[in-house]
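Student: Okay, sequence plus prediction incoming.
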Amino acid sequence: MRKQIVAGNWKMNKIFSEGIELINEIKQKAGTVNQTLLVVAPPFILTTEAVKMLKDTNIGVATQNCSNKPEGAFTGEVSAQMVKSVGANFVILGHSERRAYYHETDELINEKIKISLENNLVPIVCCGEVLKERENNEHFQVVAKQIKGMFDSISSDDFKQVILAYEPVWAIGTGKTATPEQAQEMHQFIRETIKNSYGSEIASNLSILYGGSCKPGNAKELFANPDVDGGLIGGASLKADDFIAIANSF
């Protein structure tokens, strides 16, 4: 049975003291969450402290990115080995903002997935279409191409460790949200695409998260879909009450 997961991507928000306060609030309120795995992804400066603070809980810690290089003269980069060394177990890869602002390609993300898996990190891998692609009815084609490129030469055993997140990019930070029907349609398509590459057992056990302006007000309807296994939460993860309310929406 696949996991229900709610992961909070804080993006570039919260200075150190504010981040500590938010982690404490989430930790205190997480007792109401039963079967859902919680993951927090604060900025890099908070990773070590988050791991320490959440050590004796069932809340996982992710980083929002890692390098495709193992080590070396790459100023400003953080390696998968470094992420693992401080105790984080998850890493978000291929986020739409990394694609849009830092020109990350499927090939680069593929390298990051491989190096993350080599370091026993669980990659939360993002895919999704922009508004123009949705309007041109290219969304299935775009997502299939992303999946093919990002998981090129990833073995079945390695893929079992992966979590996918669908981002309708046109619904992030715009106030728009994909309808539950649109979310289910794409999540089902993603699962079928994975089934064609890796078989029905791996596809049926894959957790696919919805990552497009999920809030307490719409989470229950979104999560009711059979192929939506949780959310990759942006803005709503910056408020502990909202984050926990979403986690309790199954």
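Tutor: Received the coordinates, thanks. Numbering: from 1, shown residues only.
Student: Low-confidence regions, the protein specifically.
Tutor: Regions of the chain meeting the criterion pLDDT under 70 cover residues 175.
Student: Now for the residue nearest the centre of it: which residues touch it?
Tutor: Geometric centre of the chain, nearest residue: Ile124, 4.1 Å, by CA atoms, centre = their mean. By CB atoms under 8 Å, 6 or more residues apart in numbering, Ile124 lies in contact with Ala7, Val39, Ala62, Phe90, Val91, Ile92, Leu93, Ile163, Leu164, Ala165, Leu209, Leu232. Where C-beta positions appear, they are placed from N, C-alpha and C, glycine not excepted.
Student: Recalculate using a threshold of 7 Å.
Tutor: Ile124 is in contact with Ala7, Ala62, Phe90, Ile92, Leu93, Ile163, Ala165, Leu232, counting by CB atoms under 7 Å, 6 or more residues apart in numbering.
Student: now it: how far from Phe90?
Tutor: Note on Ile124: its distance to Phe90, by CB to CB, to the nearest Å, is 6 Å.
Student: which residues do these two both contact?
Tutor: Between them, Ile124 and Phe90 share these contacting residues under CB under 7 Å, 6+ apart: Ala62.
Student: Ramachandran coordinates for the residue nearest to the centre of the chain?
Tutor: Per-residue torsions, Ile124: phi -100, psi 100 (degrees, to the nearest 10).
Student: Same question for Thr47.
Tutor: Dihedral angles of Thr47 (phi, psi; degrees, to the nearest 10) stand at phi -60, psi -50.
Student: just Gly212 next, same as before
Tutor: Torsion angles at Gly212 (phi, psi; degrees, to the nearest 10) stand at phi -140, psi 90.
Student: Flag every buried residue along stretch 32-39.
Tutor: Judged by neighbour count (16 or more other CB atoms under 10 Å), stretch 32-39 contains these buried residues: Val33, Thr36, Leu37, Leu38, Val39.
Student: er, stretch 172-185 actually
Tutor: Applying a neighbour-count criterion of 16+ other CB under 10 Å, one finds Ile172, Thr177, Ala178, Pro180, Ala183, Gln184, Glu185 buried in stretch 172-185.
Student: what's near enough to touch the fourth one?
Tutor: Contacts of Pro180 were listed using CB under 7 Å, 6+ apart, and they are Glu221, Leu222, Asn225.
Student: The first one should be in a strand, yeah?
Tutor: No: counting by DSSP: H, G, I helix; E, B strand; the rest coil, one finds Glu221 to be helix, located in no strand.
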